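1. Sequence first, then the predicted structure, then my questions.
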Amino acid sequence: MPANLPPKYHEAERRYRDAKDHDEKVDALEEMMAVMPKHKGTDHLRADLRARMAKLTTEAQKKGGRRGSIYNIHKEGAGQVAMVGLTNAGKSSLVAIMTHASPDIGDWTYTTKIPLPGMMEYEDIKIQLLDFPAVDDHSAHSWMGGALRRANCLMLVIDLGRDPLVQMRDVTDELEKLRIGIASRPSKWDVKQAIIVCSKSDSAKAKSNYDSLKRKYGDQFAVVSTSTEDMSGLEDLRQLVFDALDIIRVYTKAPGQKAAMNKPVVLKAGSTVQDGAKEIHKDFARELKYTAIWGSGKYDNQQVKRDHVLADGDIIEFHI
């Protein structure tokens, strides 16, 4: 099967060939991976790119390169959400209150210099939030594009104390400079899923600014208004992040025992019983005889086929 690679792939490939250091090469490889179609015709090419990326990353680590240190944050939890905004938009305050992390918070510009992770609790799972330097801090652009592409979702943080439409224009323009587009906005670059989180809803012009933002972007993005001063909107934000990740939680049980409700298995929405079995152990998927389900079946303890699509909250019992 032919690869049928898009023009964006060839542009990234040219950048890879012209790159002068490890970071630029890895950034180009990540973009090639992101825009490459996923089908059997690209399997070998995808494996080759992964091998090249692993080799470059190892070399960078040995030499003390940035990819092996503070700029490459390992994904943890049910998903990784990168917080993007202009300077003093309120990203760090949100991370601090939502995750109990300790970012630098100040009124001066470009306070955040490196990505800072924190784990946000949502019911029985944790989601990783990354506080990034301001997207208009061009001193961080050399590594920021690759780091944002690795995230599962972008959180666009807009300060309701300032003109929100100007901020959205500036944020999306800066993302384009990093060769990143956002969902619902035409772009020639890698397109990321994004949500809009309005900060400082307690400020004087917050309501009118929120209304104008909602009118312009409400049909394109999920939008939520928050304040770290009066704590409003924070629970809605947790739900919004979970929804944006497009994931489900399923719970397993052994025959004759209660379900392990404190240990959900996190899967992409649309996953099947077969996918769930593979996630738990490859032997389950290979040796599976049948599966009983509580939740999305027509009745509890119903036997379902391998291609049964799972729903959030399902309890599954594998029989091998």
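-> Cool, the structure landed.
2. contacts, neighbours, all on C-alpha from now
-> Fine.
3. which regions of the stretch 101-250 of the chain sit below the pLDDT cut-off?
-> Within the stretch 101-250 of the chain, the ranges that satisfy pLDDT under 70 run 102-112, 184-188.
4. Do a quick rundown of the helices in it.
-> With DSSP state H, counting those that start in this stretch as the criterion, the stretch 101-250 of the chain has helices at 141-150, 164-177, 206-217, 234-245.
5. how far does the longest helix along the chain sit from the chain's center?
-> Looking across the chain with DSSP state H, the single longest helix is helix 43-62. Helix 43-62 sits 22 Å away from the centroid of its parent chain (C-alpha atoms, centre = their mean, to the nearest Å).
6. Also stretch 303-312?
-> From the chain centre to the centre of stretch 303-312 is a distance of 25 Å (C-alpha atoms, centre = their mean).
7. Equivalent analysis for stretch 280-288, please.
-> Using C-alpha atoms, centre = their mean, the offset of stretch 280-288 from its chain centre is 28 Å.
8. ditto for stretch 83-102
-> Worked out by C-alpha atoms, centre = their mean, stretch 83-102 lies 16 Å from the chain centre.
9. Stretch 207-220 too?
-> Here the centre of stretch 207-220 is set off from its chain's centre by 23 Å, with C-alpha atoms, centre = their mean.
10. buried set for it?
-> Across stretch 207-220, burial judged by 16 or more other C-alpha atoms under 10 Å covers 209, 210, 213, 214, 217.
11. Also stretch 81-94?
-> 81-94.
12. before we move on, the earlier item: out of the buried residues of stretch 207-220, who's nearest residue 316?
-> residue 217 (39.2 Å; C-alpha to C-alpha).
13. what's near enough to touch that closest one?
-> Contacts for residue 217 (C-alpha atoms under 8 Å, 6 or more residues apart in numbering) come out as none.
14. Tell me how far it lies from residue 84.
-> 17 Å (C-alpha to C-alpha, to the nearest Å).
15. how many neighbours does residue 221 have?
-> As a burial measure, residue 221 scores 19 neighbours (other C-alpha atoms under 10 Å).
16. Distance check, it against residue 215.
-> Residue 221 is 11 Å from residue 215, by C-alpha to C-alpha.
17. just residue 86 next, same as before
-> Applying C-alpha to C-alpha to residue 86 and residue 215 gives a distance of 21 Å.
18. one step back: export the buried residues of stretch 81-94 to a markdown table and append columns for pLDDT.
-> Output for the buried residues of stretch 81-94, formatted as a markdown table (pLDDT from 0 to 100):
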| residue | pLDDT |
| --- | --- |
| 81 | 96 |
| 82 | 95 |
| 83 | 95 |
| 84 | 95 |
| 85 | 95 |
| 86 | 94 |
| 87 | 90 |
| 88 | 89 |
| 89 | 92 |
| 90 | 90 |
| 91 | 91 |
| 92 | 88 |
| 93 | 89 |
| 94 | 92 |
